[in-house]
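Peer 1: Just a sequence and a predicted model for now, questions to come.
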Amino acid sequence: MPIYDYQCSCCQASFERFHSMTAEAPSCPACGGKTIRVFLSAPAVHGRMAQGRDQAIRSLQPADTPRGHQHGPGCGCGHA
């Protein structure tokens, strides 16, 4: 089930709800308004795409930032 972001057209309050695509739109928790706009939130990405994002973030860090790579005896990776 997706998470939907809502914005009330009466009071402009924003909130999110986790529900099925066929569920009725909830009323605004701030004012009880019924007329709201719906936005579908972007899904969380796991796996290879998330690894690529983490690598991109690390590549933007300064060279002297510890990277957390640990080498064991006989690692053979070529890094000191």
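Peer 2: Noted; the coordinates are in hand. Residues are numbered from 1 along each chain as shown.
Peer 1: Roughly how far does Trp23 sit from Arg17?
Peer 2: Actually, residue 23 is Ala. It isn't Trp. 8 Å (Cβ to Cβ, to the nearest Å). Glycine gets a C-beta too; all of them are placed from N, C-alpha and C.
Peer 1: Compare those two (neighbour count), which wins?
Peer 2: Between Ala23 and Arg17, counting by other Cβ atoms under 10 Å, Arg17 is the more crowded of the two (15 against 11).
Peer 1: Quickly find the element holding that one.
Peer 2: Assigning secondary structure by DSSP states H and E places Arg17 in strand 14-18.
Peer 1: And for that strand, what's in contact with it?
Peer 2: 1-8, 26, 28-30, 41 (Cβ atoms under 8 Å, 6 or more residues apart in numbering).
Peer 1: Give me the buried entries from the residues you listed.
Peer 2: Tyr4, Tyr6, Cys8, Cys28 (16 or more other Cβ atoms under 10 Å).
Peer 1: Just name the lowest-scoring one in the residues you listed, pLDDT-wise.
Peer 2: The member of those with the lowest pLDDT is Tyr4, at 83.
Peer 1: Double-check that that residue belongs to a strand.
Peer 2: Yes: Tyr4 sits within a strand when classified using DSSP: H, G, I helix; E, B strand; the rest coil.
Peer 1: measure it to Pro26 for me?
Peer 2: 9 Å.
Peer 1: joint contacts of the two?
Peer 2: Joint contacts of Tyr4 and Pro26 (Cβ under 8 Å, 6+ apart) are Arg17, His19.
Peer 1: Hmm, Met1 and Ser20 touching each other?
Peer 2: Yes: look at Ser20 against Met1 with Cβ atoms under 8 Å: they come within range, at 5.2 Å.
Peer 1: Excluding residues flanking it in the chain, which one is nearest Ser27?
Peer 2: Lys34 (5.6 Å; Cβ to Cβ, 6 or more residues apart in numbering).
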